[in-house]
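In: Quick check, what structure comes out for this input:
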Amino acid sequence: MKITGRQVKLEPLTKTNWKSFEDLMGKKGGCGHCWCMLFRLPYKEFQSNKPNGNKKLMKGIVSSSKPTGLIAMYENEAIGWMALAPREDYIKIENARSLKRIDDKPVWSITCLFIKKEFRRMGVSQIMIRGAINYARNNNIRILEAYPVIPYDEKVPPPFLWVGVLSTFTKNGFEIVRQNGKSKAMVRRDVK
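Out: Reported below is the predicted structural model:
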(Lines give C-alpha, C1' and ligand atoms only; values in the text may rest on other atoms or scores of the structure.)
Protein backbone atom coordinates (compact mmCIF):
# COMPACT_ATOMS: atom_id res chain seq x y z
CA MET A 1 0.00 0.00 0.00
CA LYS A 2 1.18 3.50 -0.75
CA ILE A 3 -0.25 6.59 0.88
CA THR A 4 -0.68 9.78 -1.13
CA GLY A 5 -0.07 13.32 0.01
CA ARG A 6 -3.77 14.08 -0.34
CA GLN A 7 -4.54 11.45 2.29
CA VAL A 8 -2.12 12.87 4.85
CA LYS A 9 -2.59 16.14 6.68
CA LEU A 10 0.52 17.76 8.15
CA GLU A 11 0.13 20.13 11.06
CA PRO A 12 2.51 21.81 13.49
CA LEU A 13 2.63 20.20 16.92
CA THR A 14 0.62 22.31 19.37
CA LYS A 15 -1.12 21.93 22.72
CA THR A 16 -4.25 21.03 20.75
CA ASN A 17 -2.78 17.94 19.07
CA TRP A 18 -0.34 16.95 21.85
CA LYS A 19 -2.40 13.83 22.65
CA SER A 20 -1.95 12.59 19.05
CA PHE A 21 1.82 13.10 19.37
CA GLU A 22 1.80 11.30 22.72
CA ASP A 23 -0.10 8.36 21.19
CA LEU A 24 2.33 8.21 18.23
CA MET A 25 5.42 8.24 20.47
CA GLY A 26 4.00 5.53 22.73
CA LYS A 27 5.30 4.52 26.14
CA LYS A 28 8.93 4.65 25.00
CA GLY A 29 8.73 8.23 23.70
CA GLY A 30 9.53 7.27 20.14
CA CYS A 31 12.78 5.48 20.85
CA GLY A 32 14.48 5.16 24.22
CA HIS A 33 12.38 7.85 25.94
CA CYS A 34 13.76 10.49 23.59
CA TRP A 35 10.58 12.52 22.94
CA CYS A 36 12.70 14.31 20.31
CA MET A 37 14.89 15.96 22.91
CA LEU A 38 18.22 14.31 21.99
CA PHE A 39 19.47 17.22 19.85
CA ARG A 40 17.94 19.88 22.13
CA LEU A 41 19.93 18.99 25.26
CA PRO A 42 23.50 18.25 26.29
CA TYR A 43 23.94 14.46 26.35
CA LYS A 44 24.20 14.09 30.16
CA GLU A 45 21.07 16.15 30.70
CA PHE A 46 19.22 14.16 28.04
CA GLN A 47 20.20 10.88 29.70
CA SER A 48 19.35 12.03 33.22
CA ASN A 49 15.86 13.07 32.08
CA LYS A 50 14.88 9.52 31.12
CA PRO A 51 12.26 8.09 31.34
CA ASN A 52 9.76 10.95 31.87
CA GLY A 53 11.75 14.18 32.01
CA ASN A 54 12.26 14.49 28.25
CA LYS A 55 8.52 14.18 27.70
CA LYS A 56 7.88 16.98 30.21
CA LEU A 57 10.50 19.18 28.56
CA MET A 58 9.00 18.64 25.09
CA LYS A 59 5.53 19.35 26.42
CA GLY A 60 6.86 22.58 27.95
CA ILE A 61 8.34 23.68 24.61
CA VAL A 62 5.05 22.91 22.88
CA SER A 63 3.11 24.80 25.58
CA SER A 64 5.32 27.85 25.03
CA SER A 65 4.32 27.79 21.33
CA LYS A 66 7.93 27.41 20.14
CA PRO A 67 8.29 25.42 16.92
CA THR A 68 8.99 21.73 17.43
CA GLY A 69 7.88 19.98 14.28
CA LEU A 70 5.11 18.60 12.11
CA ILE A 71 2.78 15.72 12.82
CA ALA A 72 1.31 13.62 10.00
CA MET A 73 -2.34 12.67 10.39
CA TYR A 74 -4.03 9.93 8.35
CA GLU A 75 -7.71 9.17 8.97
CA ASN A 76 -7.54 11.03 12.33
CA GLU A 77 -4.53 9.01 13.47
CA ALA A 78 -1.00 10.31 13.96
CA ILE A 79 1.25 8.21 11.71
CA GLY A 80 4.39 10.33 11.49
CA TRP A 81 6.47 12.99 13.18
CA MET A 82 9.14 15.32 11.85
CA ALA A 83 11.21 17.47 14.19
CA LEU A 84 11.59 20.88 12.54
CA ALA A 85 12.82 24.03 14.26
CA PRO A 86 15.47 26.75 13.99
CA ARG A 87 18.94 25.18 14.02
CA GLU A 88 19.97 27.15 17.09
CA ASP A 89 17.28 25.33 19.12
CA TYR A 90 19.34 22.16 18.73
CA ILE A 91 22.29 22.56 21.12
CA LYS A 92 23.84 19.24 20.18
CA ILE A 93 23.92 20.13 16.48
CA GLU A 94 25.25 23.62 17.13
CA ASN A 95 28.12 22.17 19.20
CA ALA A 96 29.00 19.20 16.97
CA ARG A 97 32.20 19.65 14.96
CA SER A 98 30.94 17.26 12.28
CA LEU A 99 27.79 19.38 11.84
CA LYS A 100 29.50 22.77 12.01
CA ARG A 101 27.63 25.56 10.24
CA ILE A 102 28.73 26.14 6.67
CA ASP A 103 27.66 29.81 6.78
CA ASP A 104 25.79 32.27 9.00
CA LYS A 105 22.46 32.12 7.14
CA PRO A 106 19.32 31.42 9.20
CA VAL A 107 18.50 27.73 8.87
CA TRP A 108 15.73 25.46 10.09
CA SER A 109 16.78 21.88 10.81
CA ILE A 110 14.97 18.62 10.26
CA THR A 111 16.41 16.34 12.92
CA CYS A 112 14.02 13.41 13.17
CA LEU A 113 11.55 11.44 11.08
CA PHE A 114 9.52 8.98 13.11
CA ILE A 115 6.97 6.89 11.22
CA LYS A 116 4.54 4.57 12.98
CA LYS A 117 5.69 0.99 12.36
CA GLU A 118 2.71 -0.14 10.30
CA PHE A 119 3.08 2.89 7.98
CA ARG A 120 6.78 2.51 7.16
CA ARG A 121 7.87 1.93 3.53
CA MET A 122 4.70 3.59 2.24
CA GLY A 123 6.13 6.95 1.20
CA VAL A 124 5.25 8.83 4.40
CA SER A 125 8.78 10.27 4.77
CA GLN A 126 8.55 11.71 1.23
CA ILE A 127 5.17 13.26 2.05
CA MET A 128 6.54 14.77 5.25
CA ILE A 129 9.62 16.24 3.59
CA ARG A 130 7.46 17.82 0.88
CA GLY A 131 5.21 19.09 3.68
CA ALA A 132 8.21 20.66 5.42
CA ILE A 133 9.14 22.45 2.20
CA ASN A 134 5.59 23.82 1.88
CA TYR A 135 5.57 24.79 5.57
CA ALA A 136 8.85 26.64 5.04
CA ARG A 137 7.48 28.50 2.01
CA ASN A 138 4.36 29.53 3.92
CA ASN A 139 6.36 30.73 6.94
CA ASN A 140 9.18 32.64 5.22
CA ILE A 141 11.80 30.04 6.13
CA ARG A 142 14.47 30.28 3.45
CA ILE A 143 16.77 27.32 4.13
CA LEU A 144 16.06 23.79 5.36
CA GLU A 145 18.89 21.58 6.56
CA ALA A 146 18.92 17.89 7.55
CA TYR A 147 21.46 15.29 8.68
CA PRO A 148 20.38 11.99 7.08
CA VAL A 149 22.12 8.64 7.03
CA ILE A 150 23.48 6.97 3.96
CA PRO A 151 22.35 3.35 4.45
CA TYR A 152 25.17 0.81 4.45
CA ASP A 153 22.83 -2.09 3.70
CA GLU A 154 19.36 -2.74 2.27
CA LYS A 155 18.02 -3.79 5.66
CA VAL A 156 19.23 -1.15 8.09
CA PRO A 157 17.26 -1.40 11.36
CA PRO A 158 14.72 1.45 11.79
CA PRO A 159 16.41 2.84 14.95
CA PHE A 160 19.39 3.80 12.77
CA LEU A 161 17.22 5.68 10.28
CA TRP A 162 15.49 8.17 12.58
CA VAL A 163 17.30 11.15 11.04
CA GLY A 164 16.02 10.15 7.61
CA VAL A 165 17.66 8.55 4.59
CA LEU A 166 19.75 10.60 2.16
CA SER A 167 17.86 9.54 -0.97
CA THR A 168 14.55 10.69 0.52
CA PHE A 169 15.96 14.20 0.84
CA THR A 170 17.76 14.35 -2.50
CA LYS A 171 14.56 13.25 -4.28
CA ASN A 172 13.02 16.41 -2.83
CA GLY A 173 15.68 18.85 -4.01
CA PHE A 174 18.10 18.76 -1.05
CA GLU A 175 21.79 18.83 -1.92
CA ILE A 176 24.74 17.48 0.04
CA VAL A 177 26.75 20.33 1.54
CA ARG A 178 28.97 18.10 3.69
CA GLN A 179 29.51 14.38 3.94
CA ASN A 180 30.70 12.95 7.24
CA GLY A 181 32.32 9.62 6.47
CA LYS A 182 30.50 6.97 4.45
CA SER A 183 27.26 6.95 6.40
CA LYS A 184 26.21 10.54 7.20
CA ALA A 185 25.57 13.72 5.28
CA MET A 186 24.47 17.29 5.85
CA VAL A 187 21.96 18.37 3.22
CA ARG A 188 20.28 21.65 2.43
CA ARG A 189 17.46 23.00 0.34
CA ASP A 190 16.85 26.64 -0.48
CA VAL A 191 13.14 27.32 -0.29
CA LYS A 192 11.80 29.83 -2.78
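In: quick one, what contacts the residue nearest the centre of the chain?
Out: Ranked by distance to the mean C-alpha position of the chain (Cα atoms, centre = their mean), the top residue is residue 112 at 2.6 Å. Applying Cβ atoms under 8 Å, 6 or more residues apart in numbering, we find residue 112 in contact with 30, 36, 39, 69, 81, 82, 83, 162, 163. Any C-beta I mention is one placed from the backbone N, CA and C, and that applies to glycine too.
In: do that again at 7 Å, thanks
Out: If you count contacts by Cβ atoms under 7 Å, 6 or more residues apart in numbering, residue 112 has them with 36, 81, 82, 83, 162, 163.
In: How far away from the center of its chain is the helix or strand containing the third one?
Out: This means residue 82. Assessed by DSSP states H and E, residue 82 sits inside strand 77-86. Distance, stretch centre to chain centre, for strand 77-86: 6 Å (Cα atoms, centre = their mean, to the nearest Å).
In: buried stuff in the next helix or strand after that strand?
Out: Downstream of strand 77-86, the first helix or strand assigned by DSSP H and E is helix 91-95. With burial defined by 16 or more other Cβ atoms under 10 Å, the residues of helix 91-95 counted as buried are 92, 93.
In: so the longest helix that the chain contains versus strand 77-86, what angle?
Out: The longest helix of the chain (DSSP state H) is helix 124-138. On the basis of axes from the mean of the first three to the mean of the last three Cα atoms, to 10 degrees, helix 124-138 is oriented at 50 degrees to strand 77-86.
In: returning to that earlier point: burial measure for the closest residue to the residue nearest to the centre of the chain other than its chain neighbours, as a count.
Out: In space, and not counting its chain neighbours, residue 112 is closest to residue 83: 3.9 Å by Cβ to Cβ, 6 or more residues apart in numbering. Neighbourhood size, residue 83 [other Cβ atoms under 10 Å]: 27.
In: Residue 83 touches residue 36, doesn't it?
Out: Yes - if you go by Cβ atoms under 7 Å, residue 83 and residue 36 touch, sitting 4.8 Å apart.
In: so what sits against both of the two?
Out: 69, 112.
In: so which two of the contacts of residue 112 are the farthest from each other?
Out: Using Cβ to Cβ, those span at most 12.6 Å, a distance reached by 81 and 163.
In: Which one of these two is surrounded by more residues?
Out: For residue 81 versus residue 163, the count of surrounding residues by other Cβ under 10 Å is larger for residue 81: 25 against 19.
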